[in-house]
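A.B. asks: Need a 3D model of the following:
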Amino acid sequence: MRFSGNPMRAGRASRPRALVTGAGGFIGHHLVKYLAAAGYRVRGVDLERPSFEPTHAQEFLRLDLRRSADCSTAVRGMEEVYHLAANMGGMGFIEFNKAQIAHDNVVMDANMLEAARCAGVKRFFYSSSACVYPPFRLQQPDAPPPREEDAYPADPVDGYGWEKLYMERLCRHYREDFRLETRVARFHSMYGPLGTYDGGREKAPAAICRKVALAKDGGTIDIWGDGEQTRTYCYIDDCVEGIHRLMRSDHQEPINLGSDRLITINDLARLVARVAGRRVTLRHVTGPEGVRGRGSDNTRMRAVLQWEPRVTLEEGMRRTYAWIAAELRVPDAPRRAGQRIIDGGATQAHAGPTR
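C.D. replies: Numbering: from 1, shown residues only. Now for the predicted structure:
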């Protein structure tokens, strides 16, 4: 079975029906917007509606996907499922909440797969994570970016990574045993506007933008560790396009989805300072750092999707910083940004600050 092309070609009367779980969160909200613009009839599901702007879903249900009955309600009448709902965060959150993360996500993921199978869903997307890759491969800032096959022999990040890798296998088994077409993308640090930037779960780009925006010119911001740990960051517009392209493809195995431009946390902070037009001093403090170096090997993504992310880090951070700086001028913005507990996306809105 091959899906391809723009669904609008089939006409408004036969618009495909898509469910996005985690539609109140960062990636989920942007994906809803993308699919609606592409002509889909979109149902969004989350515990809460999006924090920063109204949803673009034609239908939005507030459901708890840890309950199997709520999963059955969510998938009813849907042709495609984009499952991004997750309890997750950045290093500051996942390091100290392993039991909560693993329990909630295993239950949600298993419930959603079974509900999709029972409802006759045609295609199921699962948002996995770069955390499936063994930390022993990533002990140097210039470590070779992991290829998809490097997830085995398995030794992923404890808690969150193990849950993601297990769900990848469960997707494979449902495809092989029940003919449910599954697609899996391993996200590599997505960022952009309309995501959490405060409250303890935000990712490094948002945390650094917030710190720079709040610092005085010539001030100091804190960075966890020595700041020489490296990552790649993918802008949200590229993320949702990559998801959609993967769902239209015949590729059945997990695939990396991210930028392949490696940057240190120190250099990311300096980039944000340049974008903001401010001078800042970096103060290195003790805190969770994660692996020393993790890039995204995009060889397979380019071959399979005939595409790669296009938004540069400079442009993406310019857009992200402008949005966060504007939000911080709103009196209750920090409270609103950190309010969510469970919502969508493996690199999603509630990431702990990887400083």
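A.B. asks: which stretches of the chain have low pLDDT?
C.D. replies: Residue ranges of the chain with pLDDT under 70: 1-13, 89-92, 330-355.
A.B. asks: need the longest helix for it.
C.D. replies: helix 98-119 (DSSP state H).
A.B. asks: Parallel or antiparallel, list what pairs with the helix or strand that that helix is followed by.
C.D. replies: Later in the chain than helix 98-119, the nearest helix or strand by DSSP states H and E is strand 123-129. Each strand paired with strand 123-129, and its direction, by DSSP bridges: strand 80-83 (parallel), strand 181-187 (parallel).
A.B. asks: So the closest residue in space to S249 that isn't next to it in sequence versus A207, what's the distance?
C.D. replies: Closest residue to S249 in three dimensions, ignoring its sequence neighbours and counting by C-beta to C-beta, 6 or more residues apart in numbering: V304, at 5.9 Å. Yep, even glycine has a C-beta here, placed from its N, CA and C like the rest. Using C-beta to C-beta, to the nearest Å, one obtains 32 Å as the distance from V304 to A207.
A.B. asks: So which of those two has more stuff around it?
C.D. replies: The residue with more neighbours, out of V304 and A207, is A207; 29 against 15, by other C-beta atoms under 10 Å.
A.B. asks: Could you name the helices and strands sitting against whatever helix or strand that one lives in?
C.D. replies: Following DSSP H and E, one finds A207 within helix 204-214. Judged by 3 or more C-beta pairs under 8 Å, 6 or more residues apart in numbering; DSSP states H and E, the packing partners of helix 204-214 are strand 219-224, helix 265-276, helix 313-327.
A.B. asks: Show me the helices in the stretch 151-300 of the chain, by range?
C.D. replies: With DSSP state H, counting those that start in this stretch as the criterion, the stretch 151-300 of the chain has helices at 160-178, 204-214, 236-248, 265-276, 299-305.
A.B. asks: Is it possible to get CSV of the ones you listed that adds distance to L313?
C.D. replies: Shown next, in CSV, are the helices of the stretch 151-300 of the chain (distance: least, C-beta to C-beta, whole Å):
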stretch, distance to L313
helix 160-178, 25
helix 204-214, 9
helix 236-248, 11
helix 265-276, 7
helix 299-305, 17
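A.B. asks: Name the stretch among the ones you listed that sits most buried.
C.D. replies: Of the helices of the stretch 151-300 of the chain, the one with the most neighbours on average (mean count of other C-beta atoms under 10 Å) is helix 204-214, at a mean of 25.
A.B. asks: circling back: tell me the gap between the helix holding A207 and the middle of its chain.
C.D. replies: Here helix 204-214 shows a centroid-to-chain-centroid distance of 18 Å under the convention C-alpha atoms, centre = their mean, to the nearest Å.
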